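> Let's see this in three dimensions:
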Amino acid sequence: MEDYVRALADFVRDNQAWAAPVVLVLAFCESLAFVSLLVPAWGALVAIGALVGVSGISFWPVWLAGGIGAALGDWVSYWIGFKYKEHVAEMWPLSRYPGILLRGEEFVKKWGVPSIFIGRFFGPLRASVPLAAGIFEMAYWPFQIANFVSALVWSAALLLIGDVMGKLAEWLWRVA
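So this is what the prediction gives:
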């Protein structure tokens, strides 16, 4: 996993024009049901965030790409839940991890629309909450508003955490 993150960060550092498209794809994969269980991309997003401040990559396009990618991943997950309802639990890999979807269902029932925003920031809930929202036919526009707002906040948080860590590492390197 560490090699994967390092390779992606090196690619973005060497090909800065690809930073936004890479972040869009990573955020999409991180937020898309099923795929997020196989491709944990948050570490790569933080690593790319570390490059933003120290390599001259512009924050705004990368942030927007991350937000759009994450929102699109949740949008597709919501659609899958809405379209396939109870059959979602039978699909691989969720069929192997039934607890993930159950936690998402409980969370959506308890918190409603705010669950979309809150769930974005908690690992396995990130992909299961939009599925559950689709299964329970959460109102489309409230879902999408919470989806896009939370995706932009999430993207900024990951990139800024990486940026702060990158600047701190650069400062420590100079001091030591």
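> Can you show me the helices along the protein?
Assigned helices in the chain, in chain order: 2-14, 19-31, 35-38, 42-55, 59-84, 98-111, 114-119, 123-135, 140-175 (criterion: DSSP state H).
> What is the first one packed up against?
Taking 3 or more Cβ pairs under 8 Å, 6 or more residues apart in numbering; DSSP states H and E as contact, the helices and strands that helix 2-14 lies on are helix 19-31, helix 42-55. (C-beta placed from N, C-alpha, C; glycine too.)
> Make TSV out of those helices and add distance to Leu72, mean pLDDT and mean neighbour count.
Conversion of those to TSV gives the following (distance: least, Cβ to Cβ, whole Å; pLDDT from 0 to 100; neighbours: other Cβ atoms under 10 Å):
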stretch	distance to Leu72	mean pLDDT	mean neighbour count
helix 19-31	5	94	23
helix 42-55	15	84	22
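> Please identify which of those helices is closest to Pro142.
Nearest to Pro142 among these is helix 19-31 (17.9 Å), distances taken as Cβ to Cβ.
> hang on, the earlier thing: just say which of the helices of the chain is most tucked in.
A comparison of those by mean neighbour count, using mean count of other Cβ atoms under 10 Å, puts helix 123-135 on top with a mean of 25.
> what is the rounded mean pLDDT of stretch 134-150?
Along stretch 134-150, the predicted local confidence has a mean pLDDT of 95.
> Please state the offset of that stretch from the chain centre?
Taking the mean of its C-alpha atoms, stretch 134-150 sits 16 Å from the chain's own mean (Cα atoms, centre = their mean, to the nearest Å).
> Tabulate the helices and strands packed on helix 2-14 (a markdown table), appending distance to Leu101.
Compiled in a markdown table, the helices and strands packed on helix 2-14 are given as follows (distance: least, Cβ to Cβ, whole Å):
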| stretch | distance to Leu101 |
| --- | --- |
| helix 19-31 | 16 |
| helix 42-55 | 20 |
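> mind checking which of these is nearest Ile145?
Between Ile145 and the helices and strands packed on helix 2-14, the shortest gap by Cβ to Cβ is with helix 19-31, which sits at 16.0 Å.
> which other residues reach the closest one?
Residues outside helix 19-31 that contact it (Cβ atoms under 8 Å, 6 or more residues apart in numbering): 8, 11-12, 35-36, 39-42, 44-45, 48, 51, 57, 61-62, 64-74, 77, 120, 126-127, 130, 151, 155, 159.
> and if we set it to 6 Å?
12, 35-36, 39, 41-42, 44-45, 48, 57, 61-62, 65-66, 69-70, 72-74 (Cβ atoms under 6 Å, 6 or more residues apart in numbering).
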